[in-house]
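In: Sequence isn't available, so here's the structure alone:
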């Protein structure tokens, strides 16, 4: 027998950047590769569903080495019930979604097919309309990733009353709602 030293491949990303993100840099999603749907819900009932256009979708992955080197996401949406005012989601932080407690291997399976939170990213930030912000968090699931691209899908939920009180956004009376949801699917390259 001989003793050999094997070198294992290393990930060039700093320790605080999740491995499921692309290499540090700025990535954009073309409007044709970014789908956003606005859904108004009243309890379990969907009262409004509209497709929005993404005029800007930018993902910044920082190196994590300095305080000025931030990671984040910015989405600027228009169309549908928004009229002429763009709806903007901005986040300057990426959090890995870690499970609060270990999953029970004998428990029921997750209906989405995901068994753990390793493919999930959270973007805490602000949803603003007409320059008036509302705190919100966009939870994304990484569908596919490489060093130069990222394919994600996820949701952002915000209480309708909070959004209406803070920004003045109002749905027609024929479309009652207690919650608004944004469904996002994007390919950042």
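Out: Alright, I've got the coordinates. This structure is a prediction, so every number in the text was calculated from the model and none was measured.
In: Contacts only, for residue 149.
Out: When contacts are counted by Cβ atoms under 8 Å, 6 or more residues apart in numbering, residue 149 touches 22, 27, 187-189. Where you see a C-beta, it was placed from the backbone N, CA and C, and this is true even at glycine.
In: List only buried entries from those residues.
Out: By neighbour count, with 16 or more other Cβ atoms under 10 Å, these hold 22, 27, 187-188 as buried.
In: one step back: which of the contacts of residue 149 fall in strands?
Out: 27, 187-188 (DSSP state E).
In: So residue 124 sits against residue 139, correct?
Out: No - with contacts counted by Cβ atoms under 8 Å, residue 124 stays clear of residue 139, the gap being 9.8 Å.
In: out of the buried ones among the contacts of residue 149, what pair is the most spread apart?
Out: Greatest spatial distance among the buried ones among the contacts of residue 149 (Cβ to Cβ): 22 and 187, at 11.3 Å.
In: Quickly list what's touching both of these two.
Out: In contact with both residue 22 and residue 187: 149-150, using Cβ under 8 Å, 6+ apart.
In: low pLDDT regions in the protein?
Out: The chain contains residues with pLDDT under 70 at 1-3, 5-19, 64-69, 80-83, 97-117.
In: What strands flank the longest strand anywhere in it, and is each parallel or antiparallel?
Out: Scanning the chain for the strand with the most residues, using DSSP E, yields strand 45-61. Strand pairing for strand 45-61, using DSSP bridges, gives strand 25-28 (antiparallel), strand 34-42 (antiparallel), strand 72-78 (antiparallel).
In: buried sites along it?
Out: Within strand 45-61, the residues that count as buried by 16+ other Cβ under 10 Å are 47-48, 52, 54, 57, 59-61.
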